[in-house]
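[1] coords please:
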Amino acid sequence: MNFVSLNYNLFLLCIVILYYILPKNIRWYSLLAGSFLFYFIAAKEAVVPFIAMIILSYCGSRIISCACTRTVRYRKYIFILFIILVTLPLFFYKTVFSPDTLTAPLGLSFFTLQILAYLSDIYTGKIYPQTNFFRYALFVSFFPQILQGPIPRYEQLGIQLFTGHPFQEKNFVKALQLILWGFFLKLMVADKAAVIVNTVFDNHELYRGCYVILGGSLYSIQLYADFLACVTLAQGAAALFGIYLTDNFNHPYFASSIHDFWRRWHISLSTWLKDYVYIPLGGNRKGTLRKYVNLIITFLVSGMWHGNGFQYIAWGLFHAFYQIIGAFTLNFRESLYKLLGFAPDNFFKKHIRRVFTFFLVTLAWIIFRADNLNTAFSMIGSVFTVHNPWIFFDDSLFTLGLSWKELLILFASVGILSVSSTLQEKICIRDIIIAQPMIIRWSIYIAAITAVYVFGTYGFEFHTQDFIYGGF
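    Have a look, this model is predicted:
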C-alpha cells in the first residue's frame with residue numbers, strides 16, 4: 001500500500017480508532033496486529049520469510065545475551081554467526097537473485113539494518129534484549145517505518161511502542177500537519193520533477209549538456225522530496241499514536257561540504273554506517289591512511305546496500321573520494337578564500353560552498369540514477385562538452401513532459417520547499433500555525449489540501465507513483 005493511496009489512509013484511520021478504543025495497557029496489540037496486517041496486504045508472499053527473520057533474530061538476541069556469562073571468545077563466535085545468518089537474505093537478494101526470478105521481502109534492506117543494530121547493541125551491552133517475543137516483533141514490524149525507514153534504534157523506539165499513549169489534540173493535529181506536508185512533497189515536488197527526470201534519463205542520447213544539468217538537478221530534488229515525503233508521512237502516521245520517529249534529514253542541500261552533507265542526508269543510515277561499520281573498522285583512531293581506507297569501505301557498503309549495479313558502487317566511491325580530496329584541499333581552499341578577501345563567516349562564501357557541494361552531489365546522483373555506469377559517464381561528459389544554454393530561454397523545456405503551467409507549479413513548489421527549509425532552521429512552522437486563531441488555521445489547512453488535490457501529480461491515470469527508496 002502506497003502511503004499516499006486512499007486504501008493506506010483508510011487502513012491507518014482504522015488502526016488509529018482501534019488504538020484509542022483499547023485500554024492503554026494493551027494498545028500496543030493494535031499496532032502489532034495492524035503491522036502484520038499491513039505487511040500481509042502489501043506483500044503476502046513475503047510474510048513467511050519476514051516472520052522467519054523475526055524469529056531468527058529474536059532467538060539470536062536471547063542466545064547472545066545468555067552467552068554473556070560464557071567466555072568472550074565463545075560469545076563472539078555466536079554473535080558473528082547470527083550476524084551472518086541475518087545478513088544472508090539481504091546478500092543473496094542483492095547479489096545472487098535477480099528481481100525477475102525472486103522478489104525480495106518488502107522492506108528487507110531497512111529491517112535487516114534495524115535487526116543488525118539491535119543484535120550489535122546487545123552484544124556490546126548498550127541494551128538488554130526484549131524478552132517478550134510479540135513486543136520484539138512489533139519493534140521490527142512497526143508499519144509506518146518498516147518499508148523505507150527511518151532505521152530505528154531499540155532504545156529510541158522500543159519503549160514508545162509498548163506504552164499506551166493518551167489522545168492529545170494538539171499532538172494529533174501536528175501529526176496531521178506532517179501528513180499533509182508529506183503529500184505536498186510527494187505529489188507537488190517529487191512526482192512532478194519525475195516527469196522531466198524520466199524524460200531526460202530515459203532518452204539520454206537525445207538530451208545532452210544543459211538538459212543533463214537540469215535532469216540531474218531535478219533528480220536531486222526529486223529524490224530528496226520523495227524520500228523526505230515518505231519519512232514525513234511515516235513520522236506523521238506514528239505521531240497519530242503518540243509515537244515519535246527520529247528525523248532522517250536536516251536540509252542536506254544546505255550543506256557546505258560533502259562531509260556536512262552526510263551529517264544531514266539519510267541520517268539514520270549515515271549514523272548506522274558510522275556506528276556499525278566505520279567505527280568498528282577503526283574509524284580515525286589508527287592514522288590518516290587507515291581512516292581513508294575505512295571511509296572507502298564504509299561508502300562501498302553504502303553503495304552495495306542501495307543496489308547491485310556498478311553505478312551504485314561508483315556512487316559510493318565518488319562520495320568517499322569527495323571527502324578524501326576535500327580533506328586534502330581544505331587548507332588550500334581556505335587560503336584561497338582568504339586571498340580573495342572572504343571572511344570565515346562571509347555570506348557569499350557560505351553560498352558558494354553550498355552551490356559547489358550541490359553540484360558535486362548532483363554529479364554523483366546522475367551516476368546513481370543512470371541505467372548503467374557507461375550511460376552515467378556519457379551523460380556527465382556531455383555536461384562539459386555540449387554547450388546548449390539556450391534551452392532555458394526558448395521552448396525546449398516544454399518538450400520534457402510538462403506544460404508551462406505544470407512547470408510553473410513545479411518551480412513554485414520547489415521555491416516553497418526552499419523557503420520552508422530556511423525557516424525551519426530557525427522556527428517550528430507547525431507550532432506557529434497551531435498558535436493562530438482557528439479561522440486562520442483552517443484557512444491554511446483548506447488552502448493547502450485544495451492546492452495538493454488540484455495541482456498534485458498523481459502519475460499515469462491518476463495512480464500514485466511508488467516511492468523511490470522502496471526499490472532499495
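[2] quick one: low-confidence ranges for the stretch 151-300 of the chain?
    By pLDDT under 70, the stretch 151-300 of the chain has no low-scoring segment.
[3] what about the helices in it?
    Using DSSP state H, counting those that start in this stretch, the helices of the stretch 151-300 of the chain run over 154-162, 169-184, 191-202, 210-239, 258-264, 267-273, 288-306.
[4] got a markdown table for those helices, with distance to S382 and mean neighbour count too?
    All C-beta atoms are positioned from the backbone trio N, CA, C, and that covers glycine. Converted to a markdown table, the helices of the stretch 151-300 of the chain look like this (distance: least, C-beta to C-beta, whole Å; neighbours: other C-beta atoms under 10 Å):
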| stretch | distance to S382 | mean neighbour count |
| --- | --- | --- |
| helix 154-162 | 45 | 17 |
| helix 169-184 | 33 | 18 |
| helix 191-202 | 11 | 21 |
| helix 210-239 | 6 | 24 |
| helix 258-264 | 23 | 19 |
| helix 267-273 | 31 | 21 |
| helix 288-306 | 24 | 18 |
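[5] Out of those helices, the one nearest W442 is which?
    W442 lies closest, by C-beta to C-beta, to one member of those: helix 169-184, at 10.8 Å.
[6] buried set for stretch 77-94?
    78-79, 82-83, 86, 89-90, 93-94 (16 or more other C-beta atoms under 10 Å).
[7] Need the residues that contact it.
    49, 53, 56-57, 60, 63-64, 67, 102, 104-105, 108-109, 112, 115-116, 119-120, 123, 304-305, 307-308 (C-beta atoms under 8 Å, 6 or more residues apart in numbering).
[8] Need phi/psi at N203.
    phi -130, psi 50 (degrees, to the nearest 10).
[9] next one: the one 3 residues further on
    Backbone torsions for L206, taken as degrees, to the nearest 10, come to phi -90, psi -40.
[10] what's the burial count for it?
    10 (other C-beta atoms under 10 Å).
[11] any idea how far D371 is from it?
    Distance from L206 to D371, counting by C-beta to C-beta, to the nearest Å: 15 Å.
[12] Which pLDDT value belongs to the closest residue to F241 other than its chain neighbours?
    Leaving aside its sequence neighbours, F241 sits nearest to Y19 (C-beta to C-beta, 6 or more residues apart in numbering; 5.6 Å). Per-residue confidence (pLDDT) for Y19: 93.
[13] As CSV, the helices of the stretch 151-300 of the chain with distance to I416 would be great.
    Listed next are those as CSV, based on distance: least, C-beta to C-beta, whole Å:
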stretch, distance to I416
helix 154-162, 30
helix 169-184, 8
helix 191-202, 12
helix 210-239, 11
helix 258-264, 20
helix 267-273, 23
helix 288-306, 29
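[14] could you pull out the strands for this protein?
    Per DSSP state E, the chain carries no strands over any range.
[15] how does it divide into domains?
    6-164, 171-471 (automatic domain parsing).
[16] before we move on, the earlier item: mind checking the helices of the stretch 151-300 of the chain for the one nearest to L363?
    Of the helices of the stretch 151-300 of the chain, nearest to L363 by C-beta to C-beta is helix 210-239, at 7.2 Å.
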